[in-house]
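*Asks:* Compute the structure for the input listed below.
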Amino acid sequence: MQHAPLRSFDDLTVGQEFAFGTHALGEAEIIDYASRFDRQPFHMDAEAARAAPLFGGLVASGLHTMGVVFGAVTGSGLFMAISLGGNRIDTRWPAPLRPDEAFAVTGRVLALKPSRTRPELGICTMLYEGVRVADGVTVITMEGAHFLRR
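*Replies:* Just a heads-up that it's a prediction; the model follows:
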């Protein structure tokens, strides 16, 4: 989902919300990602995953899900003109994401702090969430700090 690029850190307000579209990961995509970056049986082998006591079936790697969220945010264009990077992303995966389950990605501004030492930038704390469309269950939360131009 595309957004008009923000022009300044000062365009944001605490509580402001953004939608970053709906996404789903197919079984082949989940297995391919896991075979390269997260080689655990419950991400790579449907039969082995069924025997896994925690999930009982194939699930997407949390790292893969995180990448999809981050890709949706950066690909939206929202921060394109003002992003100067960041220094943390605290991530949680409260529920598994199975193949082909659609999840909606949203973001909310939690805090805004102008830099004390660099007046040309501010720090924006965002909470990103991925919520399964079918049942409203949160599958990922990411709280991160963006350094943004003023």
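*Asks:* which residues sit in contact with Ala95?
*Replies:* Each residue near Ala95 by CB atoms under 8 Å, 6 or more residues apart in numbering is listed here: 132, 137-139. C-betas here are computed from N, CA, C, even on glycine.
*Asks:* repeat that for 7 Å
*Replies:* By CB atoms under 7 Å, 6 or more residues apart in numbering, the contact list for Ala95 reads 137-139.
*Asks:* What of Val131?
*Replies:* Contacts for Val131 (CB under 7 Å, 6+ apart) come out as 103-104, 137-138.
*Asks:* Kindly state the beta-bridge partners for it.
*Replies:* Under DSSP bridges, the beta-bridge partners of Val131 are Ala104, Thr138.
*Asks:* what's the helix or strand for the closest residue in space to Ile89 that isn't next to it in sequence?
*Replies:* Excluding the flanking residues, the one nearest Ile89 by CB to CB, 6 or more residues apart in numbering is Gly144, at 4.0 Å. For Gly144, the enclosing helix or strand under DSSP states H and E is strand 138-149.
*Asks:* Now for the most centrally placed residue in the chain: which residues touch it?
*Replies:* For the chain, the residue sitting closest to the mean C-alpha position, by CA atoms, centre = their mean, is Val69 at 2.7 Å. By CB under 7 Å, 6+ apart, the contact list for Val69 reads 105, 128, 130, 140, 142.
*Asks:* Mind putting the contacts of Ala95 into a markdown table with neighbour count, pLDDT and distance to Met1?
*Replies:* Below are the contacts of Ala95 laid out as a markdown table (neighbours: other CB atoms under 10 Å; pLDDT from 0 to 100; distance: CB to CB, whole Å):
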| residue | neighbour count | pLDDT | distance to Met1 |
| --- | --- | --- | --- |
| Val137 | 15 | 98 | 21 |
| Thr138 | 14 | 98 | 19 |
| Val139 | 22 | 98 | 18 |
